[in-house]
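Colleague: below are the sequence and a predicted model; questions follow.
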Amino acid sequence: MAIELEVNGKRFTVNYPPDTPLLHVLRDELGLTGTKYGCGEGMCGACTVLIGGAARRSCQIPARAAVSRPITTIEALEKNGKLHPVQQAFLDAGAFQCAYCTSGMIMSCVSLLQTNARPSTEQIAQSLQGNICRCGTHPRIVEAVQQAAARMQEAAK
Amino acid sequence: MNKPARIEPFLLEPERYEFRALPMHQFALARRDFFKVLGAGIAVFAIAKDVSAQETAPGPRGFHSEELPKEIGAWLHVGEDGTVTGFVGKAEIGQNVRTTLAQTIADELGVPFDSVHMVLGDTALTPWDAGTFGSRTTPTITPQLRRVAAAARDLLRKKAAKEWNVPADKLIAGDGKISDPASGRALRYSELAHEDVIDHNSPPASDPIKPAAQWTVAGIPIPKVDARAFVTGSHLYSTDLRPEGLLHGKVLRPASFGASLIAYDDSEAKGQPDVALVHDGNFVGAVAPTVAAAEKALSAIHVQWKEVPQISDQEIFSYLKKNAQPSNEERFRQTKGSVGDGMASAARKLDATYNVAYIAHAPLEPRAAVAQWAGNKLTVWMGTQRPFAVRDDLADTFHVPEANVRVIVPDTGSAYGGKHTSDAGLEAARLARAAGGRPVKLVWTREEEFTWAYFRPAGVIEVKSGIAADGKLTAWEFHNYHSGMSAIETPYVVANQLTQYHQVPLVLRSGSYRGLAATANHFARETHMDTLAHVASMDPLEFRLHNLADQRMRAVLEAGAKAFGWPRQKGAEGQGFGVAAGCEKGSYVATFAEISVDRKAGVVQVKKLVEAFECGAIVNPDGLRNQVVGAMIQGMGGALFEAIQFQNGKITNARFSSYRVPRFRDLPQIEAILVNRTDIPSAGAGETPIMAIAPAIGNAFFDATKVRLTNLPLHPERYLA
């Protein structure tokens, strides 16, 4: 069945069973492999993308449910060679080890900072509770979110 | 229930359980090919040489002596274009060796860090390597790279000396050039490097390697190589590869461990367009253009499995104890003095038993491989810690020469000791046999990952001990059933000791895990030491120091105590403090924990962890801190709540929704103190920082509640009556 999706500002028509998780369409059909498979039950956050601006687990969203709303993946955050402030903060804080969780973490943080420009440590932890980092890089991720928040606020002034 | 079946007919080996004999192999990239690939320059071929006899003395299995390649391999290329390439068969799995190894070459050769490129984990390009495990990369590969870099540097210096007709020892190598301070002349390495080959069959013992005190590029916090590719999502893990013509594979898993296929009917599955079915013994799989199509095909196959009765997590500890193999093998036992005499002279005695559950590695990138056949040649891209062992397994399984198989390891989404086996690669290669030369990707689901990989083994540890009236240990008897021998020997001073490892046939498929059995053995030992301190009415830290001669272990205990503020006065109700320490694989750790217990609410929280860690000279303090803090957090999982549950040959919590791992809200305040000993050769650091977390937390719980927890995971909230 033909499904029309808007991903990273471009429109795509893909032929997939409509119940196929969005994650598979993004990765296998559109080649957007920055979004990762981690668990397939929405429990690890590695597959997080923005749908209509909000963080969603793409392994839990059937492709048909994602039509008519803009989808943003990690690949679209960098603009004209300039990293998104959250990406830059992760880079500066060295907030990764194997980095397999990093895309999902960054997408979750982008979403968080859209709704809460200056989250507390507790709010960051609460917001990222659904994102697993098996390497145990959590303190640096929290630090990166705080750095990004500060810079985005500074830039908005 | 019937007698439990043995899933696999072999015993758990004391340390590297899943290993078989390690073959030695000819390095594939011949000299004549080398310059074709890389262009002209200086190539350094060498045998890997053990750094110190102490580190490579044969262990219980003579294991370490087999670890380094004994054949000539190409380790370094200094190009005419100014680029430097290092070749190492290790895998980058998040531990940051791509960065530290490049730092090492840059430091020794005297070139800018950015000019060094590392080729890792590729059986066609890198020297043979046993695998990335045991915290061995830093202590073995770092000195090896320094030797080859020093050899290249010396050749460049000699060439410049010849050019200028001056003595080589008057010339200085550094910043990518050879300089003559007397005349002010300089020649860049790129101007000196032509098609030169350094062939070190036996590198001179006196290779002039820079001591850590003189490091400039090593020893500093250089950020992770390729970090930008990870924050933009552009790095391609094995799971992300999409070579031209890619097909997707799925495997139909047996109903339970050890089940055998007794009926197979694929009549309904046949005839689906573009789908190939594979039925080979117990192996059933499908290859299709999409994962969904492969899954659909498998769901249409009707199979019947003959299952065998198996034991469950409920009875595992009694099973392990009852099924220990009688063994008189010396390698499993160490004795010193007479435990009987030590017990006879003890003022107080203490016996206790500790149980340790199976846990899973749960690397976030599941096992995965892409396999492609071209005639009888096979290429496999796979996230593995042991590319050469995978190559050998593939060659054996498909009856092709090893030279026909190439295994390439893209930088991998973590492993923690869990990616030693060849499974995903073998399965992908088997499926690819049905793909007519097209590449096939197989990505294990999370449930497959939790079920069909292998586990850190469960274990039972029994300790018998005696102390004198002055608090000195007089006797120490330590029995580990099944979990392993790593760090089984006590670092404390005891005149009378018996330490014994008891093999037990496998129940669940078991293997390496970050730190191996060192976590289990430290949990038992350091919990026991804490109880003994209590029995002796001594402060737990003081009791340890009172029985400890090892200066490096004393130093981390003292450094950690200072940062933690030990001994601390209890403030709030339910507060508790604990300490644990140990050493393994040439590095030392001391962990201090603060815990808060709310009996009414039934909540136990780890409030703070302070860990002092020393691994000799630090190669990259930023990467090391990431590894140490990461191990501390990962260690909290096994300490507090991680446990594999199993019944009737099935894992009953094979999902992240039922297998709890540490998450952001579990985070205590964390402090890591890195003790830098530039006078001691660098040891690995991936494992030891995890060992003392569980006993430190358990001991803090005892301090808060006077309840002694002797099982891992601790599940302290369950003991709040």
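Modeller: Arrived safely. Residues are numbered from 1 along each chain as shown, chains lettered A, B, ... in the order given.
Colleague: can I assume residue B:595 sits in a strand?
Modeller: Yes. The assignment for residue B:595 (DSSP: H, G, I helix; E, B strand; the rest coil) places it in a strand.
Colleague: so the nearest residue to it once chain neighbours are set aside, which of the three states?
Modeller: In space, residue B:595 comes closest to residue B:700 once its chain neighbours are excluded; the distance is 3.9 Å by Cβ to Cβ, 6 or more residues apart in numbering or on different chains. Yep, even glycine has a C-beta here, placed from its N, CA and C like the rest. Put simply, residue B:700 is helix when judged by three-state DSSP.
Colleague: how close does residue B:700 sit to chain A?
Modeller: 19 Å (Cβ to the nearest Cβ, to the nearest Å).
Colleague: residues contacting that residue?
Modeller: B:576-578, B:593-595, B:606 (Cβ atoms under 8 Å, 6 or more residues apart in numbering or on different chains).
Colleague: one more time with 10 Å
Modeller: B:530, B:540, B:575-580, B:592-597, B:604, B:606-609, B:716 (Cβ atoms under 10 Å, 6 or more residues apart in numbering or on different chains).
Colleague: residue B:88 too?
Modeller: So residue B:88 contacts B:48, B:73, B:75-76, B:97-98, B:101, B:105, B:118-122, B:125-127, B:129, B:132, B:137, B:141-142, B:144-145 (Cβ under 10 Å, 6+ apart).
Colleague: let me see the ranges of the strands in chain A.
Modeller: A:2-7, A:10-15, A:48-51, A:54-57, A:70-72 (DSSP state E).
Colleague: okay, the ones you listed, which one's buried deepest?
Modeller: Among the strands of chain A, judged by mean count of other Cβ atoms under 10 Å in any protein chain shown, the one packed with the most neighbours on average is strand A:48-51 (a mean of 26).
Colleague: that one pairs with which strands, parallel or anti?
Modeller: Applying DSSP bridges, strand A:48-51 is found paired with strand A:54-57 (antiparallel), strand A:70-72 (antiparallel).
Colleague: now tabulate those strands in CSV and tack on distance to residue B:503.
Modeller: Shown next, in CSV, are those (distance: least, Cβ to Cβ, whole Å):
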stretch, distance to residue B:503
strand A:54-57, 44
strand A:70-72, 54
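Colleague: circling back: which of the contacts of residue B:700 are buried?
Modeller: B:530, B:540, B:575-580, B:592-597, B:604, B:606, B:608-609, B:716 (16 or more other Cβ atoms under 10 Å in any protein chain shown).
Colleague: average model confidence for stretch B:434-453?
Modeller: On average, the pLDDT along stretch B:434-453 is 97.
Colleague: that stretch: which residues count as buried?
Modeller: B:434-435, B:438-453.
Colleague: for the most centrally placed residue in chain A, which non-adjacent residue is spatially closest?
Modeller: In chain A, the residue lying closest to the centroid (Cα atoms, centre = their mean) is residue A:107, at 2.3 Å. With sequence-adjacent residues excluded and distances taken as Cβ to Cβ, 6+ apart, residue A:107 is closest to residue A:48, at 4.3 Å.
Colleague: against residue A:102, how distant is the closest residue to chain A within chain B?
Modeller: Chain B approaches chain A most closely through residue B:233 (2.1 Å), counting by Cβ to the nearest Cβ. Note on residue B:233: its distance to residue A:102, by Cβ to Cβ, to the nearest Å, is 8 Å.
Colleague: just residue B:84 next, same as before
Modeller: 28 Å.
Colleague: these two: which is more packed in?
Modeller: Higher neighbour count among residue B:84 and residue A:102: residue A:102, with 32 against 26, using other Cβ atoms under 10 Å in any protein chain shown.
Colleague: need the contact list for that one.
Modeller: A:34, A:36, A:46, A:74, A:87, A:90-91, A:95-96, A:131, A:133, A:137, A:141, A:144, B:227, B:230-233, B:235, B:364, B:413.
Colleague: which residues of the stretch 101-250 of chain B fall in helices?
Modeller: For the stretch 101-250 of chain B, applying DSSP state H, counting those that start in this stretch gives helices covering B:142-164, B:189-192, B:227-231.
Colleague: what's the second one in contact with?
Modeller: Taking Cβ under 10 Å, 6+ apart as the criterion, the residues outside helix B:189-192 that touch it are B:41-42, B:78-84, B:109-111, B:115, B:152-153, B:155-160, B:162-163, B:173, B:175-178.
Colleague: could you give me the ChimeraX selection string for whichever of those are buried?
Modeller: To isolate the buried subset of these in ChimeraX, counting by 16+ other Cβ under 10 Å, use the following:
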select /B:41,42,78,79,80,82,83,84,109,110,111,115,152,153,155,156,157,159,160,173,176,177,178
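Colleague: which stretches of the stretch 601-721 of chain B have low pLDDT?
Modeller: Within the stretch 601-721 of chain B, not a single segment meets pLDDT under 70.
Colleague: hmm, try it at 90
Modeller: Low-confidence segments of the stretch 601-721 of chain B (pLDDT under 90): B:721.
Colleague: does stretch B:635-649 reach chain A?
Modeller: Yes. Legend: contact between stretch B:635-649 and chain A by Cβ under 10 Å from any Cβ of the partner chain is shown at B:635-637.
Colleague: who are the neighbours in contact with residue B:168?
Modeller: Contacts of residue B:168 (Cβ under 10 Å, 6+ apart): B:154-162, B:178.
Colleague: okay, now the closest residue to residue B:458 other than its chain neighbours: neighbour count?
Modeller: Nearest in space to residue B:458, with sequence neighbours left out and distances taken as Cβ to Cβ, 6+ apart, is residue B:358 at 4.6 Å. When counting by other Cβ under 10 Å, one arrives at 24 neighbours for residue B:358.
Colleague: before we move on, what about residue B:314?
Modeller: Residue B:314, neighbours per other Cβ under 10 Å, totals 11.
Colleague: confirm that it sits in a helix.
Modeller: Yes. Residue B:314 forms part of a helix when assessed by three-state DSSP.
Colleague: surely it meets residue B:645?
Modeller: Yes. With contact defined as Cβ atoms under 10 Å, residue B:314 reaches residue B:645; the gap is 9.3 Å.
Colleague: coming back round to it: put together TSV for the helices of the stretch 101-250 of chain B, with mean pLDDT and distance to residue B:494 on each row.
Modeller: Shown next, in TSV, are these (pLDDT from 0 to 100; distance: least, Cβ to Cβ, whole Å):
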stretch	mean pLDDT	distance to residue B:494
helix B:142-164	91	34
helix B:189-192	93	55
helix B:227-231	98	47
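Colleague: residue A:81: which of these is closest?
Modeller: Residue A:81 sits nearest to helix B:227-231 of all those, at 10.6 Å, using Cβ to Cβ.
Colleague: ok, and the closest non-adjacent residue to the residue of chain A found nearest chain B?
Modeller: Relative to chain B, the nearest point of chain A is residue A:34 (2.1 Å; Cβ to the nearest Cβ). Once flanking residues are discounted, residue A:34 sits nearest to residue B:233: 2.1 Å by Cβ to Cβ, 6+ apart.
Colleague: ramachandran coordinates for that neighbour?
Modeller: The phi/psi pair for residue B:233 (degrees, to the nearest 10) reads phi 80, psi 10.
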